[in-house]
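Q: Mind looking at a prediction? Sequence and model below.
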Amino acid sequence: MKAADKCVHFNGIQHERCDAGVVYADVRLTPESGPRRFPCLPPIGGAPTPDNCPSRRYPTEQEIAEDRAMWDAAFALISAGLSPCCEAPLDVPPSGHGWRYCSKCKKAVMHACGGGHP
């Protein structure tokens, strides 16, 4: 989900580059500076956020609201046993736990333990 203090291009530090093409290693402060010292993420412990990325852009309030509405709609469909990709029923494994797939396009939608969700 989008957050006011996270760059819109951030796609996870497991990737080499963000969605704007910036190499994370090029903008991360030195390892000695501690965790999460990236200009795209809020720092831990009150340290100032680095300002060394020309592509950094935070989402607008409207973008945050639209993103929240999209996720709320997706979760409502999943809770009703429907896939958020095309509203087809979710395939539920016989055991009641494990991956739920869209019955139409076969995309993995979610993983559930113990059958608590459709």
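A: Structure's in. What do you need? Residues are numbered from 1 along each chain as shown.
Q: helices and strands around the helix or strand of the chain with the lowest mean pLDDT, which ones?
A: Least confident helix or strand, the chain: strand 108-112 with a mean of 79, by mean pLDDT, DSSP states H and E. Judged by 3 or more C-beta pairs under 8 Å, 6 or more residues apart in numbering; DSSP states H and E, strand 108-112 is in contact with strand 98-102. Using the backbone N, CA and C atoms, a C-beta is placed for each residue, glycine as well.
Q: by contact count, what packs against the strand it packs on?
A: So strand 98-102, by 3+ C-beta pairs under 8 Å, 6+ apart, packs with strand 90-91, strand 108-112.
Q: Can you lay out those as a markdown table showing mean neighbour count?
A: Shown next, in a markdown table, are those (neighbours: other C-beta atoms under 10 Å):
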| stretch | mean neighbour count |
| --- | --- |
| strand 90-91 | 18 |
| strand 108-112 | 14 |
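Q: Indicate which one of those is closest to Pro42.
A: strand 108-112 (27.4 Å; C-beta to C-beta).
Q: what lines up beside that closest one in the sheet?
A: strand 98-102 (antiparallel) (DSSP bridges).
Q: Identify the residues contacting the strand it pairs with?
A: 78, 83, 85-86, 88, 90-93, 107-112, 117-118 (C-beta atoms under 8 Å, 6 or more residues apart in numbering).
Q: Need the nearest residue in space to Val27, chain neighbours excluded.
A: Cys53 (4.7 Å; C-beta to C-beta, 6 or more residues apart in numbering).
Q: No more questions from me, cheers.
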